[in-house]
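Novice: Here is my input; please provide its structure:
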Amino acid sequence: MSAGGYCSLQLLLFLPLIFSMSVKLEHITKTYGTQKAVDDVSFSIDGSSIVGFLGPNGAGKTTTMKILSCYIPQTEGYAEVCGYDVVKDPIEVRRNIGYLPEHNPLYLDMYIKEYLHFVARINKVSNARQRISDMIDITGLGREQHKKIGQLSKGYRQRVGLAHAMLHDPKVLILDEPTTGLDPNQLAEIRALIRSLGREKTVLFSSHIMQEVEAICDRVIIINKGEIVADQSTGELQQSSKGKSVYALEFKNKDRGFLKEKISKISWVHQVDFENETVHITAEDDSDHREKLFRFAVDQQLVLLSMNKKENNLEDIFKSLTK
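Specialist: Numbers count the residues shown, from 1 in each chain. Purely as a prediction, here's the structure:
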C-alpha cells in the first residue's frame, strides 16, 4: 500500500473518533451586565448516553442549554454539537438537536397533527406523514391527536413538545424539565421513552426529581452558581458520598436556631439541615451514632419524636454540593 493510501486509511479509521463527540463545551461563560450566569463551564458528552444536568434554580442550567441550542450566544468560550460550532454553524447545530425548553412554546390554536405537519415542513422532514404518526404513537398522543393544543392538559402539551423535539430525528436531545406536569403513569412512560432514546442518541436533560435522575441517567453533571461542582457517573457520585452517615430526627416544639447551635457543636457532626419539622444531621463517618443522638436529646431535655438513619442518596449529595 502506498504512503498516501496508508494515510487515507488511517484518517478513515480516525474519523469516528473525531465525530463521536456529540456535545463539547470549553470554558463557556455567559454574562448579563455584571452578573455571570455561567462561569467557565467545560464538559463533553461522547456518543449515546443519558446525562442529567442538575442544579438549583438560577444555577445556570437553562442558560447553558440555550447556548448549546443556539438560542443565545455565549460571552466567552467555545461550544459545539456533533462537530459544528454553535456560533459559526448554527443551522447545522439545529439540524442535529432536538430541544424542549422549560417553558414549552406551542401554537395553542393549532391541532396536534396540524402543528406537527407545520414543524415537519420547517425541518424539511422526509416522509413526514409516517414520521408524525410514529411520534404520536411514541409519545402517547393517539387519543388526543384530533384536539387543538389549547384544549390539552399540561402533561399532554409536554408530550407535544417532545414529539416536536424528536420529529426530525436529531442526534442530540436537550430536554429542560421534560416531565413537568406529568402524572405518575405518564412519568413512567416518558422515563421509559428517554431510556430507549439514550441507546441511540445523546440525551442531556435537567430535572428537579432526583429519583428520576437516579433511575435513568448514566452520568450526572451538577452546576451551582454558574460553576460545575460535580461531573461523574451516578454510581461514582454515590460512591464518593460513602463514609458519611445521615440521620433524620424530629423533635417536639423546639427552636431551629437552638437545635442548630447545639447539634453543630457535636464533634463528629459535619452538617445540619432542616426540612419542614425534620432535622437532617450528616456525620463525618459512617458509624452508627443513633445512641449518641438519643443521649444528646436526653441531656438537652428534648422530646425526640422520631429518628432514622438514612441511606445517602442523590438528593442528599445534591443538597450538600449546592448549599
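Novice: now stretch 266-286: how far from the chain's centre is it?
Specialist: Computed by CA atoms, centre = their mean, to the nearest Å, the chain-centroid distance of stretch 266-286 equals 27 Å.
Novice: That one: end-to-end distance?
Specialist: 15 Å (CA to CA, to the nearest Å).
Novice: Could you list the residues in contact with that stretch?
Specialist: Residues outside stretch 266-286 that contact it (CB atoms under 8 Å, 6 or more residues apart in numbering): 242-251, 256, 259-260, 263-264, 287, 289, 292-293, 296, 310, 316, 319-320, 323. Quick note: C-beta positions are derived from backbone N, CA and C, even for glycine.
Novice: One more pass at 10 Å, please.
Specialist: Stretch 266-286 has contacts (CB atoms under 10 Å, 6 or more residues apart in numbering) with 241-254, 256, 259-264, 287, 289, 292-293, 296, 305-310, 312, 316, 319-320, 323.
Novice: Do a quick rundown of the strands in the stretch 1-150 of the chain.
Specialist: 21-32, 35-46, 49-54, 76-81, 84-85, 97-100 (DSSP state E, counting those that start in this stretch).
Novice: Next, find the distance separating the closest residue to A163 other than its chain neighbours from H168.
Specialist: Nearest non-adjacent residue to A163, counting by CB to CB, 6 or more residues apart in numbering: M135, 4.1 Å away. Noted for M135: a distance of 10 Å to H168, by CB to CB, to the nearest Å.
Novice: Can you pick out the residue with more neighbours from those two?
Specialist: M135 (24 against 20; other CB atoms under 10 Å).
Novice: Can you check the pLDDT for the more buried one?
Specialist: pLDDT recorded at M135 is 93.
Novice: quick one, what contacts it?
Specialist: M135 touches 112, 116, 119-120, 125, 141, 159-160, 162-167, 169, counting by CB under 10 Å, 6+ apart.
Novice: Same list (the strands of the stretch 1-150 of the chain) but as TSV, adding mean pLDDT and mean neighbour count.
Specialist: Below are these laid out as TSV (pLDDT from 0 to 100; neighbours: other CB atoms under 10 Å):
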stretch	mean pLDDT	mean neighbour count
strand 21-32	92	18
strand 35-46	94	17
strand 49-54	93	24
strand 76-81	96	19
strand 84-85	96	16
strand 97-100	94	24
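Novice: will you turn those strands into a markdown table that also has distance to V203?
Specialist: A markdown table is the format used below for those (distance: least, CB to CB, whole Å):
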| stretch | distance to V203 |
| --- | --- |
| strand 21-32 | 10 |
| strand 35-46 | 9 |
| strand 49-54 | 5 |
| strand 76-81 | 13 |
| strand 84-85 | 18 |
| strand 97-100 | 9 |
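Novice: related to what we said a few turns ago, which among the contacts of M135 count as buried?
Specialist: Neighbour-count burial (16 or more other CB atoms under 10 Å) applied to the contacts of M135 gives 112, 116, 119-120, 125, 141, 159-160, 162-167.
Novice: circling back: for S207, see how far away the residue nearest to A163 is.
Specialist: Applying CB to CB to M135 and S207 gives a distance of 22 Å.
Novice: likewise V229?
Specialist: In terms of CB to CB, V229 sits 17 Å off from S207.
Novice: higher neighbour count, those two?
Specialist: S207 (20 against 16).
Novice: what are the phi and psi angles of the more buried one?
Specialist: phi -160, psi 150 (degrees, to the nearest 10).
Novice: Show the contacting residues for it.
Specialist: So S207 contacts 52-54, 61, 175-180, 213, 216-217 (CB under 10 Å, 6+ apart).
Novice: mind putting those in TSV, distance to V269 included?
Specialist: Converted to TSV, the contacts of S207 look like this (distance: CB to CB, whole Å):
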residue	distance to V269
G52	30
F53	31
L54	26
K61	31
L175	38
D176	37
E177	34
P178	38
T179	35
T180	36
V213	28
I216	34
C217	31
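Novice: Return the closest of those with respect to G150.
Specialist: T180 (17.8 Å; CB to CB).
Novice: What are the phi and psi values at that closest one?
Specialist: phi -60, psi 130.
Novice: same deal with P105?
Specialist: Torsion angles, degrees, to the nearest 10, at P105: phi -80, psi 120.
Novice: which residues does it contact?
Specialist: By CB under 10 Å, 6+ apart, the neighbours of P105 are G161, H164.
Novice: ditto for L116
Specialist: 110, 125, 128, 131-133, 135-136, 141, 145, 160, 163-164, 167.
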